[in-house]
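Enquirer: output the structure for:
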Amino acid sequence: MTEQSIKEGKTLAVVSYFTLVGTLVAFFLNKDKGNTFAAFHIRQALGLWLLQMVLGFVVSGFDSWMVTNAFWIFFVILFIYGILGAFSGKQNSVPILGDFFQKIFATLK
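Expert: As a prediction, this is how the structure comes out:
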């Protein structure tokens with residue numbers, strides 16, 4: 001991956017972490033460009049957003065502020081890690097789940 005492709009894809013990579021709509025916008029804007037750096041972070045963000053929705057539904061069944069706070073802290077940390085990686089131009093997978101997201105969404109380019 002060249003420095004130029006990272007520079008071109010950095011904006012879409014960062015945008016993909018801001019709401020699910022941002023992920024979809026970044027995906028469709030990158031579809032024509034095919035930037036691999038942006039695609040990497042779009043896959044990471046999409047996985048995080050979808051997992052947050054599914055687990056959020058499960059966590060909402062618990063009537064415990066400790067479980068809810070742990071859930072939110074976990075996802076905030078993962079999103080911050082992803083945003084910082086995208087902003088700094090690195091392809092670091094989010095801890096625990098990043099490689100799994102890359103495998104599942106491998107067809108998204």
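Enquirer: when you work out contacts or count neighbours from here on, use the C-alpha atoms and nothing else.
Expert: OK.
Enquirer: contacting residues for the residue nearest the centre of the chain?
Expert: With distances taken as Cα atoms, centre = their mean, Ala45 lies nearest the centre of the chain, 1.5 Å away. For Ala45, the contact set (Cα atoms under 8 Å, 6 or more residues apart in numbering) comprises 16-17, 23, 79, 82.
Enquirer: which one of those is nearest to Gln91?
Expert: Using Cα to Cα, Gly82 comes nearest to Gln91 of these, at 9.0 Å.
Enquirer: need the pLDDT of the closest one.
Expert: Here the pLDDT value assigned to Gly82 is 93.
Enquirer: ok, and what's touching the helix or strand where Trp72 lies?
Expert: Element membership of Trp72 [criterion: DSSP states H and E] is helix 65-88. Helix 65-88 is touched from outside by 10, 13-14, 17, 41, 44-45, 48, 52, 56, 59-60, 62, 91-95, with contacts defined as Cα under 8 Å, 6+ apart.
Enquirer: what do you get for stretch 98-105?
Expert: With Cα under 8 Å, 6+ apart, stretch 98-105 has contacts from 40, 43-44, 47, 93.
Enquirer: can you put these in CSV and add distance to Asp99, neighbour count and secondary structure?
Expert: Output for the contacts of stretch 98-105, formatted as CSV (distance: Cα to Cα, whole Å; neighbours: other Cα atoms under 10 Å; DSSP: H, G, I helix; E, B strand; the rest coil):
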residue, distance to Asp99, neighbour count, secondary structure
Phe40, 10, 23, helix
Arg43, 10, 25, helix
Gln44, 9, 29, helix
Gly47, 10, 18, helix
Ser93, 6, 20, coil
